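Asker: Sequence first, predicted model second:
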Amino acid sequence: MTQRTRVGILGATGMVGQRFIQLLDGHPQFVVTALAASDRSQGTPFGDACTWRLPGAMPQWARSIVVGAPSGPLDCDVVFSSLPGDVAEPVEATLADQGYPVISNSSSHRMDERVPLVIPEVNPDHLCLLEQRSGPGFIVTNPNCTAIMVALALAPLHRMFGVEAVTLATMQALSGAGYPGVSALDITDNVLPYIAHEEEKVEQELGKLFGTADGGQITAQAAFSVSAQCHRVAVQDGHVAAVWVRLRNQVDVNDVAEAFRTFTGPPQEMKLHSAPPHPIVLRSERDRPQPRLDRDAGGGMAVSVGRLKRDATGAFRFLTLSHNTIRGAAGAALLNAELLLARGVPLRRSP
Ligand code: NAP
């Protein structure tokens, strides 16, 4: 059996950190050897530091790992980061400068023009930005949870018909705000019409994801405009977006449905461990997708699309839904790491 790559998780006690631990439990290519969090948790075995908030038990192997500080030297070869953005900014840059590959789920380096922002099915070519620092370390990021599910739905349409403009309105789950997140008194019997920085993140990240990467740099942003309005709703897990897309080519609704149904990318071709067989599951029922029923499609790694139709303005409109802490966060970072390994990129610290 080949030796598994040793992983350190930063922000291990949080909503996304716990998902990393759950998804890495029994993973054939990775083994978790280091966990880090805030000074509140440091010096304590993970089993005591972390209140486990996912269904099922905390994996036994994680309980005895003593939580450390998110700084080198770390007892691992590759770092998975789910730190809050302001904390992640200097921590990830320092670790990459120390030679660690850093696979980040945080927002702080996503728009850095030297750093790839990657969804393996959408823009794997952006990994040409790996040589970003003077040393061998690097940062690879995945997009914001909403940008990921919208980008996955747009990818086949842009590839086949050319996207001209996108408008979207989201209904985002509570776990997207981390723990303890939004106050119960604010969200009960309510919809919150504002999520700080979310709309800017979605619009900017879609621009970068569909931009052109060439010769180790991003040479152009997406050739279409995006308008996003984001809302928080009283759903535990699973973000939903209502999307309106104008296409450049003349196509009908059957062409669009076929593009969704047949969409695949390198993770499916290379049979990566976390890849769902179909990254987009097209639902034909009039009342799907729904968060409770569809967030676990493809083990939480597939995006569900439904309610597809052409509207009176000529735009195609549909709903897209995905699990925000799996495909929208920990699973997205893990798939990026699997793609790097499959492409022969060594996920080992080189000082
Ligand atoms: P969270 O539940 O609030 O967890 C935050 C984690 O960071 C905890 O492990 C916490 O440790 C640690 N931490 C906080 N301050 C720290 C510090 N100064 N030094 C070291 N560690 C510190 O947040 P989350 O939802 O997991 O989100 C984590 C990151 O993922 C954020 O950047 C977020 O934007 C991004 N993200 C989240 C989602 C989602 O759906 N939740 C989706 C996409 C991206 P302690 O327990 O010790 O305080």
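Answerer: That came in fine, so what should we check first? Numbers count the residues shown, from 1 in each chain.

Asker: CA only for contacts and neighbour counts going forward, please
Answerer: OK.

Asker: Could you report the pLDDT at Met1?
Answerer: We have a pLDDT of 56 for Met1.

Asker: How many residues are close by the nearest residue to Val202 once chain neighbours are set aside?
Answerer: The shortest distance from Val202 to any non-neighbouring residue, by CA to CA, 6 or more residues apart in numbering, is to Ala147 (5.0 Å). When neighbours are defined as other CA atoms under 10 Å, Ala147 has 25 of them.

Asker: contacting residues around Thr167?
Answerer: With contact set as CA atoms under 8 Å, 6 or more residues apart in numbering, Thr167 has these partners: 226-228, 243-245.

Asker: hey, what's Phe80 bridged with?
Answerer: Residues in a beta bridge with Phe80, per DSSP bridges, are Ile9, Ile103.

Asker: Looking at it now. What's its pLDDT?
Answerer: pLDDT, read off for Phe80, is 98.

Asker: quick one: contacts for it?
Answerer: By CA under 8 Å, 6+ apart, the contact set of Phe80 is 7-10, 102-105, 333.

Asker: Pull up the gap between it and Ile21, please.
Answerer: In this view, Phe80 and Ile21 are 11 Å apart by CA to CA, to the nearest Å.

Asker: Likewise for Leu174?
Answerer: Note on Leu174: its distance to Ile21, by CA to CA, is 20 Å.

Asker: what ranges do the helices span in the stretch 151-300 of the chain?
Answerer: Here the stretch 151-300 of the chain has its helices, by DSSP state H, counting those that start in this stretch, at 184-187, 198-209, 253-262, 266-269, 291-294.

Asker: was I right about Thr44 contacting Ala69?
Answerer: No - using CA atoms under 8 Å, Thr44 is not in contact with Ala69; the gap is 11.0 Å.

Asker: residue boundaries of the strands in this structure?
Answerer: Assigned by DSSP state E, the strands in the chain fall at 5-10, 30-36, 78-81, 101-104, 138-141, 163-171, 212-214, 217-220, 225-229, 239-247, 280-282, 303-310, 316-322.

Asker: Kindly reformat those strands as JSON lines and extend each row with distance to the ligand.
Answerer: Shown next, in JSON lines, are the strands of the chain (distance: least, CA to the nearest ligand atom, whole Å):
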{"stretch": "strand 5-10", "distance to the ligand": "7"}
{"stretch": "strand 30-36", "distance to the ligand": "7"}
{"stretch": "strand 78-81", "distance to the ligand": "8"}
{"stretch": "strand 101-104", "distance to the ligand": "8"}
{"stretch": "strand 138-141", "distance to the ligand": "10"}
{"stretch": "strand 163-171", "distance to the ligand": "13"}
{"stretch": "strand 212-214", "distance to the ligand": "23"}
{"stretch": "strand 217-220", "distance to the ligand": "23"}
{"stretch": "strand 225-229", "distance to the ligand": "17"}
{"stretch": "strand 239-247", "distance to the ligand": "9"}
{"stretch": "strand 280-282", "distance to the ligand": "19"}
{"stretch": "strand 303-310", "distance to the ligand": "15"}
{"stretch": "strand 316-322", "distance to the ligand": "10"}
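
Asker: Point out the most buried one among those.
Answerer: Comparing these by mean neighbour count (mean count of other CA atoms under 10 Å), strand 78-81 ranks first with a mean of 29.

Asker: helices and strands of this structure: which one bottoms out on pLDDT?
Answerer: strand 217-220 (a mean of 88; mean pLDDT, DSSP states H and E).

Asker: what's the offset of that one from the middle of its chain?
Answerer: 21 Å (CA atoms, centre = their mean, to the nearest Å).

Asker: and Asp86, what is it in contact with?
Answerer: Counting by CA under 8 Å, 6+ apart, Asp86 has contacts Ser108.

Asker: Partner strands of the least confident helix or strand of the chain and their direction?
Answerer: Paired neighbours of strand 217-220 in the sheet (DSSP bridges): strand 212-214 (antiparallel).

Asker: Give the rounded mean pLDDT of the strand it pairs with.
Answerer: Mean per-residue pLDDT for strand 212-214: 90.

Asker: now do stretch 265-284
Answerer: 98.

Asker: The ligand contacts on the stretch 51-200 of the chain?
Answerer: Residues of the stretch 51-200 of the chain lying close to the ligand (CA under 6 Å from any ligand atom) are 70, 82-85, 87, 105-107, 144-145, 175-179.

Asker: could you dump the strands of the chain to CSV with distance to Arg292?
Answerer: As requested, these are exported to CSV (distance: least, CA to CA, whole Å):
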stretch, distance to Arg292
strand 5-10, 28
strand 30-36, 30
strand 78-81, 27
strand 101-104, 27
strand 138-141, 28
strand 163-171, 13
strand 212-214, 36
strand 217-220, 38
strand 225-229, 22
strand 239-247, 10
strand 280-282, 15
strand 303-310, 12
strand 316-322, 10
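
Asker: So which of those strands is nearest Ala93?
Answerer: Judged by CA to CA, the one of these that comes nearest to Ala93 is strand 138-141, at 7.6 Å.

Asker: Residues contacting the closest one, please?
Answerer: 92-93, 96-97, 99-106, 109-110, 115-118, 127, 130-132, 333, 336.

Asker: hmm, back to that, so the residue nearest to Val202 makes contact with Leu206?
Answerer: Yes - the pair Ala147 / Leu206 is scored as a contact, 6.3 Å apart, by CA under 8 Å.

Asker: shaky segments in this protein?
Answerer: Regions of the chain meeting the criterion pLDDT under 70 cover residues 1.
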